[in-house]
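S.K.: Below is the sequence, then the predicted model.
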Amino acid sequence: MIPLLLAVAARAAPPPEVGDSGADDAVIDVVVPRRPVPPCRVAIDRARAVTFPARDSGELLGGAPGFFVGDHLGRNGTWDWAWRGFDAGHGHDLEVTVDGVPLNLPGHVQQAGYVDLGFLSRFLVQGVDVCSGAVRPDTGAFGVAGSARLRTGFPHEGVVAGITSGTDSSGRLYVGWRPKGWTEGTYVLADLEDGSGVGADRSWRHLRLSGGLSGTLEQVEGRLSVYLHDGAADVPPALRADDLALSEVAFRGSYRTWGGRTVSRNLLVSASLTRPWQRASLDATGWFGLSGYRLDDNRSGFLDAPIDGDATRIGQTSVDAGVRLHGIGRFPLMQDTTRIEGGVELRTTANAQQGATLDLEHTPVTSLFDRRVSSLDLAAWVAVRLGFFDAVELSPALRIQQTEVALDDLASDDATVLRGRAFTWSPRAALVIHPRSTWQAHVTYGRGHRPPDGRRLATPDAVLASVVDDVEAGLDVDPVPQLGLHVAMHGAWSPEEQITDLLTDVVVYQGRTRRFGAESSIDVLPYPGVRITLDGAFHDARETDSGLLLPYVPRAVASVGLFADRVPIRDVRLSGGLRLNYVGPRPLPLRFVADNQLYLDLTARIAWRRVTFDVRFDNLAPWDWHAADFYYPSAWERGARGSPLPVRHVVAGKPFALTLGFALWL
């Protein structure tokens, strides 16, 4: 595949000259339909990728209605997501892909389905599509809440060089180049980021090197992408909620020394080929990933320093490789176009994992585990879209997947390798009424699944597969081009689900669950280039038998936003976004409840000729908000061993910070 890609790039004829492109071209976007195509919607288009207030690529997912993004592990490129009544954690219930490459790692030492987006510079993200539930036939493992699909590319022909500096003692330097006449997939980019943060234990650093090659040769479109990443970030210790309530510790700047640290290194190589015909197309995607991860954790420890046995270190080295084939065919039937699509995917993952306790010098003392966890997945899917007189579209689909996992405990005297196998049968369907009208209704059904977690094969609570049935009904109305309305209701049921603590990965509930929810959004375009958005979602997620609320899931999420895209003011063009976010109370285990949260973010860009000036305010208003609330067994007494007494703990969200940026577009 790679030799063919090189030939494609070498012989591809450049497109017609489009003239010199300056700073304005970096924020120009073609018109993207605001209406979602059920069950998917454009959460971030190219214009909002510039104007949406976000510090990095993972926060851009927050552009979807009802989507909550936190970062209790600090600025390491790993985010905490919650959506549609699911606590997706670091990817446990949300499938995340970049240009079609799945990022969720099965059996990860931190959490099954773990997603590390630290390798992806926000500068490269050109759009984010979110698909609710496991309705699309190509939505795979971990996509029970839905999927997020990031699209990348270099938006500017020529050289871009920029620098940023923030009040949180942060700095960023990036330099990129895309040859003139080449597509967005051909580029090189170097992105260096470093910061100390606000308060102790908030520092981070990232070095990202990215490159791509794309072109077309004899109707075959090819693309090769390479990502290299070396990153590290401090993990802020948790604050005890009762100390916070008594004002014995301040919320901001209160972190004591050493709450932990994460280190991650990533190499990802992906290649894709697309061959279109008049009524069909065939896509082939292959990828290879190599990653290293380490977490030194003392968030459960004491305010001043850890003691022997309280702090831990976990780490792993992973190899991930796979290939996917996906084809689409179209033919006329009953005055409409019928589309048939199908595909097959093969993926293998191998993880070498270790864990140990740490002493006061952060040196490993006692081994906790030493194991090898691997998985092999083979999936196939087929879907048919039937159209009836431009009034109704019916799309039944079926996905099947065979998963095999293995656990080799190297610390055990028993040389037996534990194995597990699961076969999942996932029917799916979507019914769309008036698909090309000013109003559109849809009803969808999808069965998603969580694959077996190889780490738990040796435990009595091991579950080989967990399925979730999801139903959604919605209505989208565009009465005029300047107004878009969306409303949807959904429900999800699982006969066997495990809920784990955010930090310990200990199972706090196992059994039947059910979720109900509703979401709505309004888009208003009062003036060319200006958009006002309002969205909100409410979720009721409970244990089926007891009726207790499921922990960690925000019951309500809402936002109000004002966005501007290249609004002309004399000789400059102004782009920016102002977004007020609300996160409702989150239930916690043992009947603890997290507080309401409210925070305000702002970003702005002034483009003048070939220069851009950027301003970003994080947490602009003087409000405290929590990135995570959880309970954890801890005594919080210096010189004592850890206690099983559950205490509610808090990890602060992003602090107030002002970041200024300057870039040249040559």
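M.R.: Done, it's in.
S.K.: low-scoring pLDDT stretches of the stretch 51-200 of the chain, where are they?
M.R.: 200 (pLDDT under 70).
S.K.: swap the cut-off to 90 and go again
M.R.: The stretch 51-200 of the chain contains residues with pLDDT under 90 at 51, 55, 63-65, 70-80, 88-89, 110-111, 140-141, 155, 197-200.
S.K.: Same question for the stretch 501-650 of the chain.
M.R.: For the stretch 501-650 of the chain, the stretches with pLDDT under 90 are 501-510, 551-553, 569-571, 585-597, 621-650.
S.K.: Next: the stretch 301-450 of the chain.
M.R.: 301-313, 330-339, 356-368, 386-391, 411-416, 420, 434-438.
S.K.: so where do the strands sit in it?
M.R.: 311-333, 336-358, 364-388, 392-409, 418-433, 439-450 (DSSP state E, counting those that start in this stretch).
S.K.: so the longest one versus strand 418-433, what angle?
M.R.: Taking axes from the mean of the first three to the mean of the last three C-alpha atoms, to 10 degrees, strand 364-388 and strand 418-433 form an angle of 30 degrees between their directions.
S.K.: in which helix or strand would I find the closest residue to P39 other than its chain neighbours?
M.R.: Distances taken as C-beta to C-beta, 6 or more residues apart in numbering place V135 nearest to P39, at 4.2 Å, with adjacent residues excluded. Quick note: C-beta positions are derived from backbone N, CA and C, even for glycine. When secondary structure is defined by DSSP states H and E, V135 falls outside every helix and strand.
S.K.: Tell me where the protein has helices.
M.R.: Assigned by DSSP state H, the chain shows helices spanning 2-11, 46-51, 241-245.
S.K.: tell me the most buried of the strands of the stretch 301-450 of the chain?
M.R.: strand 439-450 (a mean of 21; mean count of other C-beta atoms under 10 Å).
S.K.: Sheet partners, orientation included, of that one?
M.R.: strand 418-433 (antiparallel), strand 466-480 (antiparallel) (DSSP bridges).
S.K.: For the closest residue to A663 other than its chain neighbours, give the beta-bridge partners.
M.R.: Closest residue to A663 apart from its sequence neighbours, by C-beta to C-beta, 6+ apart: G162 at 3.3 Å. Bridge pairing for G162 (DSSP bridges) gives the partners Y174, A663.
S.K.: I'd like to know how far G162 sits from G661.
M.R.: 6 Å (C-beta to C-beta, to the nearest Å).
S.K.: Overlap of the contact sets of those two?
M.R.: Taking C-beta atoms under 8 Å, 6 or more residues apart in numbering as the contact rule, the neighbours common to G162 and G661 are 172, 612.
S.K.: hmm, back to that, my read: the residue nearest to P39 touches Y445, true?
M.R.: Yes - between V135 and Y445 there is a contact at 7.2 Å, judged by C-beta atoms under 8 Å.
S.K.: Common neighbours of these two, please.
M.R.: With C-beta under 8 Å, 6+ apart as the test, V135 and Y445 both reach 428-430, 470.
S.K.: residues near D201, how many?
M.R.: Using other C-beta atoms under 10 Å, D201 has 20 other residues around it.
S.K.: again, but for Y527
M.R.: A count of neighbours around Y527, defined by other C-beta under 10 Å, yields 11.
S.K.: hmm, back to that, for the residue nearest to P39, list the residues it contacts.
M.R.: 38-39, 397, 428-430, 444-446, 470, 472.
S.K.: what's the most distant pair in the residues you listed?
M.R.: The distance between the two most remote of the contacts of V135 (C-beta to C-beta) is 14.8 Å, for A397 and E472.
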